[in-house]
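> mind folding the following:
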Amino acid sequence: MNGGDDPDADLLSRVFLTRVIEPGDETGGRWVREWGAAEVARRLRDGGEPLPGVSGTRWAGLVARARRAEPGRDLEVARAAGVRFVGPGDTEWPGQLDDLGDTRPLGLWVRGRPSLRMWAIGSVALVGARACTEYGAHMASTLAAGLAERGWVVVSGGAYGVDGAAHRGALGAGGATVAVLACGVDRPYPRGHTELITRIAEQGLVVGELPPGDHPTPSRFILRNRVIAALTRGTVVVEAAYRSGSLVTARAAQRLGRFTMGVPGPATSGLSAGVHELLRGEAVLVTDAAEVVELVGDMGELAPARRGPVLPRDLLRPAARRVLDALPAGRPVTPGEIARGAQTTRDEALAKLYELRSLGYVERHGDGWKLTRQAMISVPDGRSRC
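Modelled structure (predicted):
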């Protein structure tokens, strides 16, 4: 029996199951795939023989949870809080979440007006350390603002540190942001971010797998990260220690075939050690929004070439530059010596020396030529510098 034939029954059954089955439960996901949400819900309500893949003790625990589940009441509470439930097959369901297979969410509770499916199409995850440094907060905020200005949706977990800085950066730029919570979306967590999460719900989206009023646990935080990874085109990690939860998001993104990026930090910083380990693997180093978009965006959205400032010397033609390079610092030399150093003829060297004199690089001293003070300052002798 597959309850998918009755959309209303399937939705109510999925709401029921969000109270019973933990997020990311692969066994529960397999049951729903094989028998349908309505049949799994019925079996749990009846409390009969266990479905395959769980012990009797585990089944008894699930049945006990099922007895307390009230999906109709959950939907009423959700509506009163401005929250809707979106399940697979709904027009608002982001199809990329299906890549999670049997660990796909049973559904998502969504708070906010925009369409989750439309926003997820052009989204990037920005995650990192909760106890981040000022550098980490600055980079997260700057990256998020840059992405928002380019029309990308910034997705993060609503936590302290990098997550909060990313959300604020996107909002500050007048852009779009999504917070994926590990608790009921009607109860902002952490409490210190109540104002921020409320603002995100007003200007963007707050989503989560858990029903109204449910609380976060350490395992729920970890499992929430797979949703962030699957929902987005790529994941950027800004500051992460070796055991950071944000690395879980990055590894989930890699398993799903999404882009994984890291922002480097000081080699001496333990908070950047996890990022650097990612960069030693398959992750791509990024330093600004343009480099992120070059990776996750459409073909041709290239970041500008990186180079230092253009110096007057850069504008010289190669032959004149070789003659200039042949002059030693601090003493005049003859045109013959310069010609040998530049690997050219004496006449050619003289022609270039007069050209360089007109530009203020060299001056004549009797039969010799030397660098001017201007050239000594702006064209350091590379042979005597490290």
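> distance of the closest residue to residue 137 other than its chain neighbours relative to residue 130?
Closest residue to residue 137 apart from its sequence neighbours, by CB to CB, 6 or more residues apart in numbering: residue 165 at 4.2 Å. Just so you know, the C-beta spots here come from the backbone N, C-alpha and C atoms, and that holds for glycine as well. According to CB to CB, to the nearest Å, residue 165 and residue 130 sit 11 Å apart.
> on the three-state scheme, residue 126 is what?
Following DSSP: H, G, I helix; E, B strand; the rest coil, residue 126 is assigned to strand.
> what about it, distance to residue 95?
22 Å.
> flag the shaky bits of the stretch 251-386 of the chain, pLDDT-wise.
299-312, 376-386 (pLDDT under 70).
> in it, which spans are strands?
259-263, 284-285, 362-365, 368-371 (DSSP state E, counting those that start in this stretch).
> neighbouring strands - and their directions - for the third one?
It stands for strand 362-365. Strand 362-365 pairs in its sheet with strand 368-371 (antiparallel), by DSSP bridges.
> got the CA positions of the strand it pairs with in CSV?
Below are the C-alpha coordinates for strand 368-371, written out as CSV (Å, rounded to 0.1, in the frame of the first residue of the first chain):
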residue,chain,number,x,y,z
GLY,A,368,78.7,55.9,-18.4
TRP,A,369,75.1,55.5,-17.5
LYS,A,370,73.4,54.9,-14.1
LEU,A,371,69.9,54.5,-12.6
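> what are the buried residues along that strand?
Neighbour-count burial for strand 368-371, counted by 16 or more other CB atoms under 10 Å, picks out 369-371.
> how about these in CSV, adding distance to residue 178?
CSV is the format used below for the buried residues of strand 368-371 (distance: CB to CB, whole Å):
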residue, distance to residue 178
369, 66
370, 64
371, 59
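> could you measure from residue 47 over to residue 365?
From residue 47 across to residue 365, the span is 103 Å (CB to CB).
> who has more neighbours out of those two?
A count of neighbours by other CB atoms under 10 Å puts residue 47 above the other of residue 47 and residue 365, at 14 against 11.
> what does the pLDDT read for that one?
Note on residue 47: pLDDT of 90.
> and it, what does it touch?
If you count contacts by CB atoms under 8 Å, 6 or more residues apart in numbering, residue 47 has them with 63, 66-67.
> for the spatially most central residue of the chain, grab phi and psi.
Nearest to the mean C-alpha position of the chain, counting by CA atoms, centre = their mean, stands residue 236 at 2.6 Å. The phi/psi pair for residue 236 (degrees, to the nearest 10) reads phi -110, psi 130.
> over to residue 183?
Dihedral angles (degrees, to the nearest 10) for residue 183: phi -150, psi -180.
> distance check, it against residue 213.
According to CB to CB, residue 183 stands 9 Å off from residue 213.
> what about these two, which has more around it?
residue 183 (23 against 13).
> I figured the more buried one was touching residue 209, is that so?
No: using CB atoms under 8 Å, residue 183 is not in contact with residue 209; the gap is 9.6 Å.
> one step back: what about the residue nearest to residue 137, helix or strand, and which?
Assigned by DSSP states H and E, residue 165 belongs to helix 162-172.
> measure how that helix sits relative to strand 259-263, angle-wise.
100 degrees (axes from the mean of the first three to the mean of the last three CA atoms, to 10 degrees).
> which secondary structure elements does helix 162-172 contact?
strand 123-128, helix 134-149, strand 153-156, strand 177-181, helix 194-203 (3 or more CB pairs under 8 Å, 6 or more residues apart in numbering; DSSP states H and E).
> if anything else comes up later, I'll come back, but that's it for now.
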